[in-house]
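*Asks:* Task: produce atomic coordinates for the following.
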Amino acid sequence: MKAIPYILILSGLVLLLLTACNQTTDSQTGNESALQEAPNALKSNGPVEQQAATASQIPGKTEAARLSSRNLLDNIADNSDLSTFSSLLRKAGVAKNLSGTGPYTVFAPTEDAFLELPDSLRDNLESPQHRELVQQLLNNHIIAGKLTTSDLQDGALLKTVAGHQLKVTKHNDTVQIDNAQMEKPDDMSSNGVLHTINKVLVPQEETAL
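*Replies:* The predicted structure follows:
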């Protein structure tokens, strides 16, 4: 009969051990579930707002758009192949006209075009005593109004700001202004259009410079 209390005590200990094991297993299972669900904590409960693009991701303006937002004087000055033309415009006091509202059409000679001039004429372009004649020479490259290549008609005569006339010759895709050929036409500016040409348009009376 005394053995019965011992049996009851052992049964109680076994039950306690089983209960402890079950609690440990449930705790581990809960931890495993928490670990498995942890990555989901990084997910937003609502829609994720798209981040704003950085400056490097925003498409920049095209070159044509950049040029068209600036005036003729700035675009001429920004072109290294027109540096002589740009310098003369400023020294002769013609530059301010090309920064105005316009519109103007400018036939701008390249560096090579100026190098083709006779030495005596090219050297005198920088001389203060020939300032008025240089102004006439430069103004002979400027037309009042905006004329793109599609506006220029074969055989047309264009009156320059200097009061001289320039003849247009068109053949297929080639456009000539007097004896100068367009190399880079239709560069749009905010106050007109710029055509790069391969000759300096020298009026007859300016050949004596």
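*Asks:* rest of the way, CA atoms for contacts and neighbours
*Replies:* Noted.
*Asks:* Quick check: next helix or strand after the top strand by length along the chain?
*Replies:* Ranked by residue count, the top strand of the chain under DSSP state E comes out as strand 180-189. From strand 180-189 onward toward the C-terminus, using DSSP states H and E, the following helix or strand is strand 192-197.
*Asks:* and that next one with strand 180-189, angle?
*Replies:* Taking axes from the mean of the first three to the mean of the last three C-alpha atoms, to 10 degrees, strand 192-197 and strand 180-189 form an angle of 150 degrees between their directions.
*Asks:* Where does pLDDT dip in the chain?
*Replies:* 1-61, 63-67, 205-209 (pLDDT under 70).
*Asks:* looking at it, Lys184 is touching Ile197, isn't it?
*Replies:* Yes - applying C-alpha atoms under 8 Å as the test, Lys184 and Ile197 come out as touching, 7.1 Å apart.
*Asks:* More neighbours: which of these two?
*Replies:* The residue with more neighbours, out of Lys184 and Ile197, is Ile197; 25 against 13, by other C-alpha atoms under 10 Å.
*Asks:* Quick check: closest non-adjacent residue to that one.
*Replies:* Met182 (4.4 Å; C-alpha to C-alpha, 6 or more residues apart in numbering).
*Asks:* tell me, how many neighbours does that neighbour end up with?
*Replies:* What Met182 shows, counting by other C-alpha under 10 Å, is a neighbour count of 20.
*Asks:* Then Asn79?
*Replies:* 11.
*Asks:* Give me the contact list for stretch 183-195.
*Replies:* 64, 67-72, 75, 98-108, 145-149, 182, 196-198 (C-alpha atoms under 8 Å, 6 or more residues apart in numbering).
*Asks:* Buried members of the residues you listed into PyMOL, please.
*Replies:* Listed next is the PyMOL selection for buried residues among those, using 16 or more other C-alpha atoms under 10 Å:
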select buried, resi 67+68+70+71+72+75+98+99+102+103+104+105+106+107+108+146+147+148+182+196+197+198
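*Asks:* Can you list which of the contacts of stretch 183-195 are found in strands?
*Replies:* Tyr104, Thr105, Val106, Phe107, Ala108, Met182, Thr196, Ile197.
*Asks:* can you list those in a markdown table and add distance to Val134?
*Replies:* Rendered in a markdown table, the data for the ones in strands among the contacts of stretch 183-195 read as follows (distance: C-alpha to C-alpha, whole Å):
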| residue | distance to Val134 |
| --- | --- |
| Tyr104 | 19 |
| Thr105 | 19 |
| Val106 | 16 |
| Phe107 | 15 |
| Ala108 | 14 |
| Met182 | 22 |
| Thr196 | 19 |
| Ile197 | 18 |
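*Asks:* quick one: which two of those residues are the most distant?
*Replies:* Tyr104 and Met182 (16.6 Å; C-alpha to C-alpha).
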